[in-house]
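Enquirer: Next one to model:
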Amino acid sequence: MFLALAALALPAAAVPRVAVDVGHTLADPGAWSARGRSEFAFNRELAGRLADALAAQGLAVQPVNFTGDIGSLAERPARAAGSDFFISVHHDSIGEEYLSTWDWDGIETTHTDLKRGFGIFVSRRNPDLQRSLNCASAIGTTLRRAGFVPTPWHARKHLPADADNGVWYYDNLVVLHKATFPAVLFEAGVIKHREEELELRDPEWQARMAEAVAEGTAACLTVRGKPARE
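Expert: As a prediction, this is how the structure comes out:
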């Protein structure tokens, strides 16, 4: 499924480089899905598809944390030094107070029916907030055009940056404000939602989502087919 990471070596300097970060680690795998799968497993799978989709758009790709061993949040954007854009791939959950129990394959686990959909976060502490916002909105727009729906749930805790396209401010996310270039954190969907979990595990769903994110990223980073920084 994934392009060999060696094949993602950078081409000419004029080609925009996108750092794709796999959220969480093998030791700290993040949230657990309604059926007991780790968020890290979801993140790495989708990040691999996104790396392929970005390469297909003609962008250079810098993989970050695909081996799941980068425990330091600040080290992630540091590993992406020289990139034009940073996207950290995650999957969402929900607060314990909103969870219900259910029996899955003889195991009691938790789920939600209240929250589903994607979300995109930017930090006002990022040194290039405007480009971060531009890219976040572009990604949200292409996701919506592809049929994906943003969750309104984040309005409970976060100020909207572009709520129609699922973009919210989350100023203290380390991977965003420690980056020296535009950066977003992408929550692909809610793995505690039983139906959405199955969608997020579907290879065709993943590929379609990755293609939409890559299209939005390319639209943000290039102008009339030329790198935006030229």
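Enquirer: going forward, measure contacts between C-alpha atoms and count neighbours the same way
Expert: Fine.
Enquirer: where does the chain have low pLDDT?
Expert: For the chain, the stretches with pLDDT under 70 are 1-13, 223-230.
Enquirer: all helices of it, in order?
Expert: Using DSSP state H, the helices of the chain run over residues 39-56, 75-79, 129-145, 174-177, 194-201, 203-221.
Enquirer: need these in a markdown table with distance to Val15, can you?
Expert: Converted to a markdown table, these look like this (distance: least, C-alpha to C-alpha, whole Å):
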| stretch | distance to Val15 |
| --- | --- |
| helix 39-56 | 11 |
| helix 75-79 | 19 |
| helix 129-145 | 17 |
| helix 174-177 | 22 |
| helix 194-201 | 30 |
| helix 203-221 | 10 |
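Enquirer: got the ones you listed as JSON lines, with distance to Val122 and mean neighbour count columns?
Expert: Below are the helices of the chain laid out as JSON lines (distance: least, C-alpha to C-alpha, whole Å; neighbours: other C-alpha atoms under 10 Å):
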{"stretch": "helix 39-56", "distance to Val122": "18", "mean neighbour count": "23"}
{"stretch": "helix 75-79", "distance to Val122": "14", "mean neighbour count": "20"}
{"stretch": "helix 129-145", "distance to Val122": "7", "mean neighbour count": "22"}
{"stretch": "helix 174-177", "distance to Val122": "7", "mean neighbour count": "24"}
{"stretch": "helix 194-201", "distance to Val122": "23", "mean neighbour count": "17"}
{"stretch": "helix 203-221", "distance to Val122": "14", "mean neighbour count": "21"}
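Enquirer: so which of the ones you listed gets nearest Ser88?
Expert: helix 174-177 (7.7 Å; C-alpha to C-alpha).
Enquirer: and the closest one, C-alpha only, in PDB?
Expert: The C-alpha coordinates for helix 174-177 follow below in PDB (Å, rounded to 0.1, in the frame of the first residue of the first chain):
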ATOM      1  CA  VAL A 174       3.100  21.500  20.700                       C
ATOM      2  CA  VAL A 175       3.500  20.000  17.200                       C
ATOM      3  CA  LEU A 176       1.800  23.100  15.800                       C
ATOM      4  CA  HIS A 177       3.400  25.900  17.700                       C
END
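Enquirer: tell me how far it is from the chain's mean position?
Expert: From the chain centre to the centre of helix 174-177 is a distance of 13 Å (C-alpha atoms, centre = their mean, to the nearest Å).
Enquirer: Which residues outside it are in contact with it?
Expert: Helix 174-177 is contacted from outside by 73-74, 76-77, 88, 122-127, 171, 183-185, using C-alpha atoms under 8 Å, 6 or more residues apart in numbering.
Enquirer: repeat that for 6 Å
Expert: Applying C-alpha atoms under 6 Å, 6 or more residues apart in numbering, the contact partners of helix 174-177 are Leu73, Ala74, Ser123, Arg125, Asn126, Ala183.
Enquirer: pretty sure the last one contacts Asp84?
Expert: So that's Ala183. No. Counting by C-alpha atoms under 6 Å, Ala183 stays clear of Asp84, with 8.9 Å between them.
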